[in-house]
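# next comes the sequence, and after it the predicted model I'd like to discuss.
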Amino acid sequence: MKKYFDTLPRDFLAVATPGAGKTTFALSVAAELLGRRMVDRITIVAPTEHLKLQWAEAAARAGIPIDPTYSAGKGKTSQDYVGIAVTYAGVAVNPLAMRIRTERFKTLVILDEVHHAGDALSWGEGVREAFDPATRRLALTGTPFRSDINPIPFVTYASGEDGTPTSVADYAYGYAHALADHVVRPVLFMAYSGEMQWRTRAGDEIAARLGEPLTKDMTSQALRTALDPKGSWMPSVLTAADMRLDEVRRHVPDAGGLVIASDQESARAYAKLLRQIAGEPATVVLSDEKEASKKITEFSEGDQRWMVAVRMVSEGVDVPRLAVGVYATTTSTPLFFAQAVGRFVRARTRGETASVFLPSVPNLLGFASEMEVQRDHVLKRRVNDESDIFAAENDLLAAANAEEGASDDLLGSFEALGSEARFDRVLYDGGEFGHEGEVHVGSEEEMDFLGIPGLLDPDQMRELLHQRQSDRAKKQKASRVREEADSVAEVSTHEQLAVLRRELNGLVAAWHHRTGQKHGITHAALRKECGGPAAAVATAQQLTARIDRIREWAMRKSS
């Protein structure tokens, strides 16, 4: 507020992470400008019909009556209103009518999620024509952007490192800053891998593990197999997510969950699974339903456990009680991921933590581990490399599947044959926990993380995760020692000593590559700490002690 009114610019771009209060900021500016008689009317432009209603309701609470039913062909609106809310698509239909209205009054235009003005050339041109005469323009976005095809009207650009024009914000408030100010919640990501089997269009049957290095096509098909509601992966992950929601609701009774699906058929199937798992029906929100906005509002104000949606709630929709999410969509661009996770980060009570369940797909794990990185999201760019092709294919697939009867031809027809989920790891605050190996769903190791209390401040969460990690490492070490002892007991003394020496020498070599320390110095240090003669004449017990000690060194260095 202070920066805005210190300069009172005609154009102002505010970039703030989802959940940081962009709506409150914009309406505060609007109220102040109206109070100073610097503007007479407000026009709010939003991406969707639901967001028009949401803006109108928020404005009413701020004492600014906004008409969310206005359309360009309607002409006048009631004198009880001081403003209107429209969509970018609605502006593009008749920008001239909007321009005439803008010229008649001293108008403040609020462009919500302004990057949508770059979604289509007609949208950008419509925004420019309609609001060029505006007295003030306030642009908002939760996603800093760059574009080399459709520059967005009223936004200043500067050349980025790669020469691509990048938006220049007048004020930026990223996730890391908002987290430090306790404006948003920290996010705990629960990643699940597992075995996938599918049949290609050529009739070949393929088996692969989700999360392992695969080609882009195989990763995409493994992901689609995992998300198939008829397999075992989704029921297992939904069950785990519902158990996590149980734990959160012990501390936050109205906490809710959201499953973000790829298409309408999957959304309905996930809702059926959730009814069986949770024992109550899930709210299904589909973008082409007339009652979609009403359903979201009712869910936001109620205490139902689960909502399932396709893309309806991926951006801007405010449901503060959402605390557990399942990312069950094939769309895996950084922009969509940031918008989707943004639905869970709005803080209400100190200590609330969001939990998002996601497949162990490399790019999704990368986005999760870089939550605090302020990135410039690409809106429209040419496809230049393999990673761009993967992102583009996912976007095309998600868009096609949003309509009934969508085909699988975009990525090649295939048939999911089966899937099995494994708990992989937890990602939090840039760190990974529980990633020494996959474990069975429902195992004690998985429950250690699903049962984390629903109210913990970031420091408590970090400390608890490190403790769980340490406990798990100790259990695995004890199990490994038992397995090694059983294995060694079956071989002769000569073979036993040879195996242990090879293992010790391998660990010393790895330590050399990691630290640069010479092999002889490392062996001497191990003898000094553990006792005993040179490795060539050491006993099995002495060699085992040195193996354990160098592994402890490696673990400490990693942490």
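The structure has been received and is ready for your questions. Numbers count the residues shown, from 1 in each chain.

# quick one: the strands in the stretch 251-400 of the chain?
For the stretch 251-400 of the chain, the strands defined by DSSP state E, counting those that start in this stretch cover 256-261, 283-285, 306-309, 322-328, 354-359, 377-378.

# L111: which of those strands is closest?
Set against L111 and scored by C-beta to C-beta, those come closest in strand 377-378, at 16.6 Å. Where C-beta positions appear, they are placed from N, C-alpha and C, glycine not excepted.

# I'd like the average pLDDT over the closest one.
The predicted model gives strand 377-378 an average pLDDT of 44.

# then stretch 462-475?
Averaged over stretch 462-475, pLDDT sits at 77.

# who's in contact with that stretch?
With C-beta atoms under 8 Å, 6 or more residues apart in numbering as the test, stretch 462-475 has contacts from 426, 428-429, 431, 433-434, 436, 445, 448-449, 452-453, 456, 555, 559.

# pull out the buried members of these.
By neighbour count, with 16 or more other C-beta atoms under 10 Å, the contacts of stretch 462-475 hold 426, 428-429, 433-434, 445, 448-449, 452, 456 as buried.

# tell me the domain ranges of the chain?
If you go by automatic domain parsing, the domain ranges for the chain are 2-173, 183-462, 491-558.

# in terms of mean pLDDT, which of those domains ranks lowest?
domain 183-462 - the lowest mean pLDDT of the domains of the chain, at a mean of 80.

# could you tell me the end-to-end distance of it?
Start-to-end span of domain 183-462 (C-alpha to C-alpha, to the nearest Å) is 18 Å.

# returning to what we had before: okay, the domains of the chain in a markdown table with distance to Q469 next?
Listed next are the domains of the chain as a markdown table, based on distance: least, C-beta to C-beta, whole Å:
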| stretch | distance to Q469 |
| --- | --- |
| domain 2-173 | 28 |
| domain 183-462 | 5 |
| domain 491-558 | 10 |
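
# picking that back up, who wins for proximity to H440 among the strands of the stretch 251-400 of the chain?
Closest to H440 of the strands of the stretch 251-400 of the chain, according to C-beta to C-beta: strand 354-359, at 16.2 Å.

# dump the C-alpha coordinates for the closest one into CSV.
The C-alpha atoms that make up strand 354-359 are tabulated as CSV, following Å, rounded to 0.1, in the frame of the first residue of the first chain:
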residue,chain,number,x,y,z
ALA,A,354,-0.3,-28.3,4.1
SER,A,355,0.3,-31.9,2.9
VAL,A,356,0.3,-32.6,-0.8
PHE,A,357,0.5,-36.1,-2.2
LEU,A,358,2.2,-36.5,-5.6
PRO,A,359,3.7,-39.1,-8.0
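
# from the contact counts, what lies against that strand?
In terms of contacts (3 or more C-beta pairs under 8 Å, 6 or more residues apart in numbering; DSSP states H and E), strand 354-359 is packed against strand 187-200, helix 233-251, strand 322-328, helix 362-369.

# any idea which of these is most buried?
Mean neighbour count (mean count of other C-beta atoms under 10 Å) peaks for strand 322-328 among these, with a mean of 26.

# packing partners for that one?
Where contact means 3+ C-beta pairs under 8 Å, 6+ apart, strand 322-328 is packed against helix 233-251, strand 256-261, helix 334-341, strand 354-359.

# that older thread, ok, which of the helices and strands packed on strand 354-359 comes nearest I84?
Closest among those, using C-beta to C-beta: strand 322-328, at 28.9 Å.

# direction included, what does the closest one pair up with?
With DSSP bridges as the test, strand 322-328 is paired with strand 256-261 (parallel), strand 354-359 (parallel).

# in a markdown table, list the buried ones among the contacts of stretch 462-475 along with distance to G35 and secondary structure.
Output for the buried ones among the contacts of stretch 462-475, formatted as a markdown table (distance: C-beta to C-beta, whole Å; DSSP: H, G, I helix; E, B strand; the rest coil):
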| residue | distance to G35 | secondary structure |
| --- | --- | --- |
| V426 | 48 | strand |
| Y428 | 44 | strand |
| D429 | 42 | coil |
| F433 | 50 | strand |
| G434 | 54 | coil |
| E445 | 58 | helix |
| D448 | 54 | helix |
| F449 | 50 | helix |
| I452 | 47 | coil |
| L456 | 42 | coil |
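
# pull the most distant pair out of those.
Across these (C-beta to C-beta), the longest gap, 20.3 Å, separates D429 and E445.

# okay, now P151: neighbour count?
16 (other C-beta atoms under 10 Å).

# ok, the one 4 residues further on next?
When neighbours are defined as other C-beta under 10 Å, V155 has 22 of them.

# where's the residue nearest to it when sequence neighbours are not counted relative to I152, distance?
Spatial nearest neighbour of V155, chain neighbours left out: S167 (5.4 Å); criterion: C-beta to C-beta, 6 or more residues apart in numbering. In this view, S167 and I152 are 7 Å apart by C-beta to C-beta, to the nearest Å.
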